[in-house]
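Enquirer: Got a predicted structure plus its sequence, pasted below:
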Amino acid sequence: MDHRMNSVEIQAVSVEEAVRLALEQLGRGHDEVDIEILSDAGPDEGDEALVRVTAKGMASQPTPRARPAAGRAPGRRPPGVRRVPGDRPSSRGAPPRADRERGADARVDEADERIAKEIVRDLLTHMGIEADVVAVDNPSAMPLDAADPPTIFVDVLGHDLGMLIGRRGEHLAQLQYLVNLLCNRRLDGWTRVVLDVEGYRSRREESLIGLAERVARQVARSRRPIVLEPMPPNERRIVHLTLRENPDVVTESNGEGALRRVTVQPRA
């Protein structure tokens, strides 16, 4: 059995150096991994690049950061993984909603959840993918707004499901869009379905929170703005909410469509 790590995030003075260090830590070669550049090294002294390097065919699994989320029930931990005090539990392996205390999204009808899970299962069956489909409470540290529609959170659990996620979650976003179209043909009124695979969205959220905090520290030191990579609306929202109460920086979104980015700049 291969006991090597599957994914790691490394920060270094350049992308090349970060990738080299990540490959050494994973014990893998370039042709065995997928490389994601989360933040490139900027022009200012002290700015560093951040990359995530993941073994091919594996969902990226950055180490969870210490950020407690009130009201969330801990999920099962994979065998052999010890939870460090202060770590935020992952939603991976979370039990079905019926076995858990309901959160802010309790207004969702259980019959609607069954329909959503049935649609996801049918899609996976047509794709030839075997996996468990469960409804979970909101796994995000970002609570739902009062104006948000009824929201169903569905997680797909299984092995080697990286293809459902795709590069930077592109396949997952497309699959979620399709699930929402199919669900709302059968449900009364508009209901949003947030689809996840092996807790990828939660791990991506942790990564974005960490990136936002690191960039905020760099901006506070240099007093110069930093423009992040293009992100979809849900990821930009995470950055904005993470830094909303930061006394040193402010954030704003600029650009159009898929090229819209968050700029972190020093607070006046």
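Expert: Now that the structure is in, tell me what you want to look at. Numbering: from 1, shown residues only.
Enquirer: Could you say which helix or strand holds residue 236?
Expert: In this structure, residue 236 sits in helix 233-243 according to DSSP states H and E.
Enquirer: ok, now residue 231?
Expert: Counting by DSSP H and E, residue 231 is part of no helix or strand.
Enquirer: Now for it, how many residues are close by?
Expert: Other residues near residue 231 come to 19 when the count uses other C-beta atoms under 10 Å. Heads up, the C-betas are built off the backbone N, CA and C, glycines and all.
Enquirer: gap between it and residue 169?
Expert: Separation of residue 231 from residue 169 (C-beta to C-beta, to the nearest Å): 10 Å.
Enquirer: hang on, the earlier thing: return the alpha-carbon coordinates of the following helix or strand past the helix holding residue 236 using PDB.
Expert: The C-terminal neighbour of helix 233-243 among helices and strands, as given by DSSP H and E, is strand 249-254. C-alpha atoms of strand 249-254 as PDB (Å, rounded to 0.1, in the frame of the first residue of the first chain):
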ATOM      1  CA  VAL A 249      -7.200  45.900   4.800                       C
ATOM      2  CA  VAL A 250     -10.300  46.200   2.700                       C
ATOM      3  CA  THR A 251     -11.400  44.100  -0.300                       C
ATOM      4  CA  GLU A 252     -13.200  44.800  -3.600                       C
ATOM      5  CA  SER A 253     -14.000  42.800  -6.700                       C
ATOM      6  CA  ASN A 254     -13.000  44.000 -10.200                       C
END
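Enquirer: List of residues touching strand 249-254?
Expert: 216, 219-220, 227, 236, 239-240, 243-244, 260-267 (C-beta atoms under 8 Å, 6 or more residues apart in numbering).
Enquirer: quick one: it to helix 233-243, angle?
Expert: Relative orientation of strand 249-254 and helix 233-243, computed by axes from the mean of the first three to the mean of the last three C-alpha atoms, to 10 degrees: 160 degrees.
Enquirer: So which elements touch the helix or strand that strand 249-254 is followed by?
Expert: Once strand 249-254 ends, the next helix or strand along the chain (criterion: DSSP H and E) is strand 261-266. Contacts defined by 3 or more C-beta pairs under 8 Å, 6 or more residues apart in numbering; DSSP states H and E place strand 261-266 against helix 200-222, strand 226-227, helix 233-243, strand 249-254.
Enquirer: Report the buried residues of strand 261-266.
Expert: Neighbour-count burial for strand 261-266 flags 262-264 (criterion: 16 or more other C-beta atoms under 10 Å).
Enquirer: and if you look at stretch 228-245?
Expert: Those would be 228, 231, 234-236, 238-243, for stretch 228-245 by 16+ other C-beta under 10 Å.
Enquirer: where are the low-confidence patches of the stretch 1-150 of the chain?
Expert: The model of the stretch 1-150 of the chain has pLDDT under 70 over residues 1-5, 13, 39-49, 58-107.
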